[in-house]
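Student: Starting from these lines, generate the structure:
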Amino acid sequence: MLETLARLPEDPLLGVMAAFRRDADPRRVDLGVGVYKTEDGDTPIPAAIQTAERELLGASTTKVYVGAAGNPRFNQAMLELTFGAGSEILASGRVQALQAPGGCGALRIGAELLRIADREAVIHVSDPTWANHVPLLGNTGLRIERYPYLDRATGGVNVPAMLAHFEALSRGAVVLLHGCCHNPTGADLSAADWEAVADVCERRGLVPFVDVAYQGLGGGLDADAFGARLLARRLPELLVAVSSSKNFGLYRERTGAIVVVSPSSERTAIAMTQLQRIARGMYSMPPDHGAELVARVWESAPLRASWTTELESMRTRIETLRASLVAEIARRRPDVDYSFIARQRGMFSLLPLSAEEITRLRDTHHLYMSGDGRINVAGISRRNVGYIAESLAAVIR
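Tutor: The predicted model follows:
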């Protein structure tokens, strides 16, 4: 049977990672892999997570399954983090969460739920969007379409074009929105933009599916949740996929949640039975280690304070790196305006580079990035920012 299978091409980003590892040049810089990095190029475990892990290892007495819905304390932590502890939406009972294997698992489970609800549903994703959004959502059998998002002339969001696309959609259409720190562009919606999105979703009967993968790394924990909180207050229903990979440093633990907001607590409870059935049929039970660590950090005042302080230092470091790169490029190429990088948020920016320029940066200057020009700003450091700017200045036309 297996001899009928054809070899598939290598994932482009995995190819970039492999090429970087083969490169022995001391100047090489990895701007491709989407993980947070320190000044020394490490991706650390937050101190609060390390403390919680030591406590957990000392207290664990069983490895029994946690159930298809996952760790209830983790789920509650994700609800409070996303919508705010004591918020009206939580008190209403209209919202519940199910633990998932990472943000990817949350996206897939959410898409499966949409397919059960409406097999003809169409999910509209931003142009551009994170490369894995399309297979994660589309492999359920749902149709994927794209809406205008990036204004390539300014590096910001083309809000009028996006809203015009939404206005033309049929009732029940699903719009995938990046809650903050848009991947791959770094161009985020403002508070006023979110209000406009809520208006059109309410008027047209659209269903938002919000991907919150970087909360805390853009404008701060509360600012980054503004869009999801607003939509939950204004609209009868939405889905939210939450990831703990970046803000809790739990990449390999695959820790996330799918959140359902419905018109009533009864409808939400019904949706949760469907989600548990989907999870049971896909992977049975979720992993608990990362979820338990998050729950312990969230429930401990000292650990939560330590975590929020460390997360804020990560956020401000990224902002500083953005400003430094803009200044270094401007010093070398005053004829080129890359100031949009400093206005964007989160780990990523999408540089307006051609395929030829990206190849030259890799082959001549040993700078590695995605084939679309996405860079991981956290891969910049004080030591290499000048070299990165010098290399960009040499190839930008």
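
Student: Return the set of buried residues in stretch 94-104.
Tutor: Using 16 or more other CB atoms under 10 Å as the test for burial, stretch 94-104 gives 94, 95, 96, 97, 98, 99, 100, 101, 102, 103, 104. In this view, the C-beta of every residue, glycine as well, is placed from N, C-alpha and C.

Student: list the contacts for the residue lying closest to the last one once chain neighbours are set aside?
Tutor: The shortest distance from residue 104 to any residue other than its chain neighbours is 5.9 Å, reached at residue 136 (CB to CB, 6 or more residues apart in numbering). By CB atoms under 8 Å, 6 or more residues apart in numbering, the contact set of residue 136 is 104, 107, 108, 111.

Student: of the residues you listed, closest to residue 395?
Tutor: Taking CB to CB as the measure, residue 395 sits nearest to residue 104 out of the contacts of residue 136, at 33.4 Å.

Student: which of the residues in the helix or strand encompassing the closest one are buried?
Tutor: Per DSSP states H and E: residue 104 is located in helix 102-117. By neighbour count on 16+ other CB under 10 Å, the buried set for helix 102-117 is 102-115.

Student: Look up phi and psi at the closest residue to residue 236 other than its chain neighbours.
Tutor: Nearest residue to residue 236, sequence neighbours excluded (CB to CB, 6+ apart): residue 263, at 4.3 Å. Per-residue torsions, residue 263: phi -60, psi -20 (degrees, to the nearest 10).

Student: show me what contacts residue 261?
Tutor: Contacts of residue 261 (CB under 8 Å, 6+ apart): 89, 94, 95, 232, 235, 237, 238, 239, 240, 268.

Student: run the last query once more with 10 Å
Tutor: 83, 89, 92, 94-96, 208, 210, 228, 231-233, 235-240, 267-268, 271 (CB atoms under 10 Å, 6 or more residues apart in numbering).

Student: again, but for residue 164
Tutor: By CB under 10 Å, 6+ apart, the neighbours of residue 164 are 147, 148, 158, 200.

Student: Wasn't it part of a helix?
Tutor: Yes - counting by DSSP: H, G, I helix; E, B strand; the rest coil, residue 164 is located in a helix.

Student: related to what we said a few turns ago, right, and the pair among the contacts of residue 136 with maximum separation?
Tutor: Of all pairs in the contacts of residue 136, the most separated under CB to CB is 104 and 111 at 10.9 Å.

Student: Show me whatever sits in contact with both of those two.
Tutor: Taking CB under 10 Å, 6+ apart as the contact rule, residue 104 and residue 111 both touch 133, 136, 241.

Student: would TSV of the residues you listed with distance to residue 47 and secondary structure be doable?
Tutor: Converted to TSV, those look like this (distance: CB to CB, whole Å; DSSP: H, G, I helix; E, B strand; the rest coil):
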residue	distance to residue 47	secondary structure
133	32	helix
136	32	helix
241	27	strand
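
Student: Include distance to residue 62 and pLDDT when you put those residues into JSON lines, please.
Tutor: Below are those laid out as JSON lines (distance: CB to CB, whole Å; pLDDT from 0 to 100):
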{"residue": "133", "distance to residue 62": "37", "pLDDT": "97"}
{"residue": "136", "distance to residue 62": "32", "pLDDT": "97"}
{"residue": "241", "distance to residue 62": "29", "pLDDT": "98"}
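
Student: OK, contacts around residue 66?
Tutor: Residue 66 sits next to 72, 74, 99, 285, 286, 287, 288, 291, 292 when contact means CB under 10 Å, 6+ apart.

Student: Can you tell me how far residue 276 is from residue 76?
Tutor: Distance of residue 276 to residue 76, given as CB to CB, to the nearest Å: 17 Å.

Student: And residue 149, by the same measure?
Tutor: Distance of residue 149 to residue 76, computed by CB to CB: 33 Å.

Student: Compare the two (neighbour count), which wins?
Tutor: residue 149 (23 against 17; other CB atoms under 10 Å).

Student: from what I can see the more buried one touches residue 162, true?
Tutor: Yes - with contact defined as CB atoms under 10 Å, residue 149 reaches residue 162; the gap is 5.9 Å.

Student: shared neighbours, those two?
Tutor: Residues touching both residue 149 and residue 162 by CB under 10 Å, 6+ apart: 126, 127, 177, 189.

Student: now, which of these lie within strands?
Tutor: 126, 127, 177 (DSSP state E).

Student: If you rank the residues you listed by neighbours, which is first?
Tutor: residue 177 (26 neighbours).

Student: My guess is it contacts residue 133. True?
Tutor: No - Residue 177 is beyond contact range of residue 133, at 11.2 Å (criterion: CB under 10 Å).

Student: mind listing the helices for the stretch 101-250 of the chain?
Tutor: All helices of the stretch 101-250 of the chain, identified by DSSP state H, counting those that start in this stretch, fall at 102-117, 133-138, 159-167, 191-204, 221-224, 226-234.

Student: what's the offset of the helix or strand of the chain with the lowest mean pLDDT from the middle of its chain?
Tutor: Every helix and strand of the chain was ranked by mean pLDDT, DSSP states H and E. The lowest is helix 12-22, at a mean of 88. The chain centre lies 21 Å from the centre of helix 12-22; the measure is CA atoms, centre = their mean, to the nearest Å.
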